[in-house]
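**Student:** Predicted coordinates and the sequence they were generated for:
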Amino acid sequence: MRKIVIAGNWKMFKTQAESENFLSGFLPHLEETPSEREVILCPPFTDLSVMSKYLHGSRVNLGAQNVHWEENGAYTGEIAAPMLTEIGVRYVIIGHSERRQYFGETEETVNLRLKAAQKYGLTPILCVGETKQQRDAGETEKLISTQLEKDLVDVDQTNLIIAYEPIWAIGTGDTCEATEANRVIGLIRDQLTNPHVSIQYGGSVKPNNIDEIMAQPEIDGALVGGASLEADSFARIVNYQ
Ligand SMILES: O=C[C@H](O)COP(=O)(O)O
């Protein structure tokens, strides 16, 4: 059974005080949210602990934006899975294009992070997607297929979420046509061994396009950046029609 998963990726936005302010405006909206929808917030590491306390007993789950593959060690600037699980984090975004583009993330490190997340009981949200140049060159399918093939070596597909995020649609307002996102997500699904993996779309998801996106049969949710930073806007997305 594929679950509907709506996740907000706050990237490098919001202090602790701002995160609490967001939650006070956002949580009341969840009374309208159908119970089968999984709602996740992925704030910066510094917000996780205070948000975990605030969210105790609520239906919102917490996700981190990265995790290292070792349990501990001399890895300045990194975070280990037990540090996340101890404070109630259940999900982790891995292989976001911003990590791949700015911080040297490779298919090999993505694969290591995926396996470590699963080993410690976190559910990874693996991001894949093509650049504008790759799309224009007709390489979308090949690129995504290669990413999946390399990222998913020895990864357990029973504890996995995938997000299709065309890089050209991230933060640009230039959303991928819903039917095109549906087509690519269908291709991703064809390459998986487990047909029950939830596959999200991400890239300029907004209150005004979420209904059309979620009406597509292959799309099981959304990974939302900018529009998850404001309580009313993210609530409208979570409560799509
Ligand atoms: O992880 C989220 C994506 O990068 C999408 O960001 P965006 O909704 O601001 O385009």
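**Tutor:** Good, I have the coordinates.
**Student:** Retrieve the pLDDT associated with the residue of the chain found nearest the ligand.
**Tutor:** Nearest residue of the chain to the ligand: residue 225, at 2.3 Å (CB to the nearest ligand atom). C-betas here are computed from N, CA, C, even on glycine. Each residue has a pLDDT score; the one for residue 225 is 98.
**Student:** how about it, what does it touch?
**Tutor:** By CB atoms under 8 Å, 6 or more residues apart in numbering, the contact set of residue 225 is 8, 9, 11, 170, 171, 202, 205.
**Student:** for the chain, what spans make up the helices?
**Tutor:** All helices of the chain, identified by DSSP state H, fall at 16-26, 45-54, 81-85, 97-102, 107-119, 132-136, 140-151, 178-191, 210-214, 231-238.
**Student:** Tell me how far the fourth one lies from the chain's centre.
**Tutor:** This means helix 97-102. Helix 97-102 sits 14 Å away from the centroid of its parent chain (CA atoms, centre = their mean, to the nearest Å).
**Student:** For the protein, what lies in contact range of the ligand?
**Tutor:** Residues of the chain lying close to the ligand by CB under 6 Å from any ligand atom are 9, 96, 165, 170-171, 202-205, 223-227.
**Student:** hmm, which two among these are most spread apart?
**Tutor:** Spatial extent of the residues of the chain next to the ligand (CB to CB) is set by the pair 96 and 227 at 16.3 Å.
**Student:** what about those two, which has more around it?
**Tutor:** Per other CB atoms under 10 Å, whichever of residue 96 and residue 227 has more neighbours is residue 96, with 27 against 19.
**Student:** so residue 178 makes contact with residue 213?
**Tutor:** Yes - using CB atoms under 8 Å, residue 178 is in contact with residue 213, at 5.0 Å.
**Student:** Before I go, just wanted to say thanks for your time.
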